[in-house]
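Enquirer: one predicted model, sequence on top.
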Amino acid sequence: MTGARPTHAPLEQFPAFGDCLHIGGTPLTRLAERVGQTPFYAYDRRLISQRVAALRAALPPAIRLHYAIKANPMPALVQHVASLVDGLDVASLGELRIALDAPTAGEAISFAGPGKRPQELAAALAAGIVINIESETELERLADLAEQQGTRPKVAVRVNPDFELKAAGMKMGGGAKPFGLDAERVPGLLRRMTALRVDFRGFHIFAGSQNLRAETIIAAQDLTFELALRLAADAPGPVTYLNIGGGFGIPYFPGDQPLSLAPIGANLERWLPRLQAQLPEAQVVLELGRYLVGEAGVYVTRIVDRKVSRGQVFLVTDGGLNHHLAASGNFGQVIRKNFPVVVGNRVTGGERETVSVVGPLCTPLDLLADRMELARAGIGDLIVVLQSGAYGLTASPLGFLSHPPPVEVLV
């Protein structure tokens, strides 16, 4: 209907029985009792397993799947994901420690980040993982550390491509960026490697994230493969590792629709014969974070007050932007939009009303839902923010106003 407000795409990953959400097969009210407090994050391992299986079915078998731990580094979750995928990607020493505790071989772990500290490089060297070189300085620093350790580091070059991932929620490549080495500078770095004691593995080329358009992901992957083939001509050894990033998005906001995997899989299938012919030893890695875990998580907070201000109903909860910055609209949104939110123990409810859900903090930014239609709720009911499995807890200002932190559970 013309002029109708867009709504959230149907999100049915968590069933409701008796008007109560079930997470990991457990009613939300019982899960809250089991956790022993609100607020909390809960992640459903079954949904993560199903997402990986769906990807495996849609993509060519030769494509390797890696999990980007930065999306959600909860150790129990990483352990579960690691059992399903082919490798892990880290962005800090803290994430590396979590990865090394998982059932993943060192050679299947890679380390990216534009400002790796010397102690991080030294730890990565000792662990025998693949280190994504982000600058000429980093290469020289790593070579010096390798001499001191008497080791030969496994390295890939992170490339800042000369193109962008259009319609990406966050652009990680193209133009001037702090990430990786500009594509035109890579041949010089590769030639420098021939004089250093390093074990060249390949390239990491990542253009952007949170994209819901298959056609733009396909276009970026086409450009990525073409760029990798050009750069391989100057490589000091065979390309065995080609990380093409990810960029797969999930629907968060009204009007968003789920990403279609079928055309992406078909395009990768079309590319593989050419890659095998020109880079016969290369393993193509698809690095995903949010897409694997984002839809499997919820943030749960309890209503502690219900108030009306000049005709507007406010549901005040015991958690807010300090726990879930993204849902408040303060983590990259230009124009604030609502995440999908429900009253978890009254999903449909007999009576509906338009309300705003706010946290306990003394700032007008502490807003979890702005004038959303929800089931009528009161003190003690549970507010659930869906699509919360990625960039939730660790992307939030937990120390703000010194409220207690939430807990996390994998169910």
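Expert: It's in.

Enquirer: hey, let's count contacts and neighbours off CA atoms from now on
Expert: Fine.

Enquirer: what about the strands in the stretch 1-150 of the chain?
Expert: Using DSSP state E, counting those that start in this stretch, the strands found in the stretch 1-150 of the chain span residues 16-17, 20-23, 26-27, 40-43, 64-68, 87-90, 109-111, 130-133.

Enquirer: partner strands of the last one, with direction?
Expert: This means strand 130-133. Partners of strand 130-133 in the sheet, by DSSP bridges, are strand 109-111 (parallel), strand 154-160 (parallel).

Enquirer: in CSV, list those along with mean pLDDT.
Expert: As requested, these are exported to CSV (pLDDT from 0 to 100):
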stretch, mean pLDDT
strand 109-111, 98
strand 154-160, 96
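
Enquirer: Ser135: which of these is closest?
Expert: strand 154-160 (8.4 Å; C-alpha to C-alpha).

Enquirer: what does the closest one rub up against?
Expert: 112, 128-134, 173-174, 177, 179-183, 186, 198-207, 241 (C-alpha atoms under 8 Å, 6 or more residues apart in numbering).

Enquirer: buried only: go through those for me.
Expert: Among those, those classed as buried by 16 or more other C-alpha atoms under 10 Å are 112, 128-134, 173-174, 179-183, 186, 198-207, 241.

Enquirer: which residues in the stretch 301-411 of the chain form helices?
Expert: 325-328 (DSSP state H, counting those that start in this stretch).

Enquirer: over to the stretch 51-200 of the chain?
Expert: Per DSSP H, counting those that start in this stretch, the stretch 51-200 of the chain carries helices over the ranges 75-82, 93-100, 118-127, 136-149, 186-193.

Enquirer: and the first one, how far from the chain's centre?
Expert: Helix 75-82 sits 14 Å away from the centroid of its parent chain (C-alpha atoms, centre = their mean, to the nearest Å).

Enquirer: show me what the mean pLDDT comes to for it.
Expert: Averaged across helix 75-82, the pLDDT comes to 98.

Enquirer: with the third one instead?
Expert: Averaging pLDDT along helix 118-127 gives 96.

Enquirer: in that helix, what counts as buried?
Expert: 120-122, 124-125, 127.

Enquirer: which of the residues you listed lies closest to Ala369?
Expert: Of the buried residues of helix 118-127, the one sitting nearest to Ala369 (C-alpha to C-alpha) turns out to be Glu120, at 39.5 Å.

Enquirer: ok now stretch 195-206, how far from the chain's centre?
Expert: 25 Å.

Enquirer: also stretch 342-355?
Expert: Using C-alpha atoms, centre = their mean, the offset of stretch 342-355 from its chain centre is 29 Å.

Enquirer: for that stretch, C-alpha coordinates in CSV please.
Expert: Extracted C-alpha coordinates of stretch 342-355, given in CSV (Å, rounded to 0.1, in the frame of the first residue of the first chain):
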residue,chain,number,x,y,z
VAL,A,342,9.4,-8.1,21.1
VAL,A,343,8.0,-8.7,24.6
GLY,A,344,9.5,-12.1,25.0
ASN,A,345,6.8,-13.5,27.3
ARG,A,346,3.9,-11.8,25.5
VAL,A,347,5.0,-12.1,21.9
THR,A,348,1.6,-11.4,20.4
GLY,A,349,-0.4,-10.4,23.4
GLY,A,350,-4.1,-9.8,23.6
GLU,A,351,-3.7,-6.0,23.5
ARG,A,352,-1.2,-4.0,21.4
GLU,A,353,0.1,-0.5,22.0
THR,A,354,2.8,1.9,20.7
VAL,A,355,5.6,2.3,23.2
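
Enquirer: list of residues touching that stretch?
Expert: Under C-alpha under 8 Å, 6+ apart, the answer for stretch 342-355 is 16, 19-21, 28-29, 312-315, 369-377, 381-386.

Enquirer: in strands only, show me those residues.
Expert: 16, 20-21, 312-315, 369-375, 382-385 (DSSP state E).

Enquirer: for the stretch 301-411 of the chain, just list every one of the strands.
Expert: Using DSSP E, counting those that start in this stretch, strands in the stretch 301-411 of the chain cover 312-317, 341-343, 352-358, 367-375, 382-385, 407-410.

Enquirer: tilt between the third one and strand 367-375?
Expert: When axes from the mean of the first three to the mean of the last three C-alpha atoms, to 10 degrees is applied, the directions of strand 352-358 and strand 367-375 differ by 160 degrees.

Enquirer: most remote residue from this structure's center?
Expert: Arg310 (39.7 Å; C-alpha atoms, centre = their mean).

Enquirer: leaving out chain neighbours, which residue sits closest to Val300?
Expert: Val384 (4.7 Å; C-alpha to C-alpha, 6 or more residues apart in numbering).

Enquirer: was I right about the one you found contacting Tyr299?
Expert: Yes. With contact defined as C-alpha atoms under 8 Å, Val384 and Tyr299 form a contacting pair (5.6 Å).
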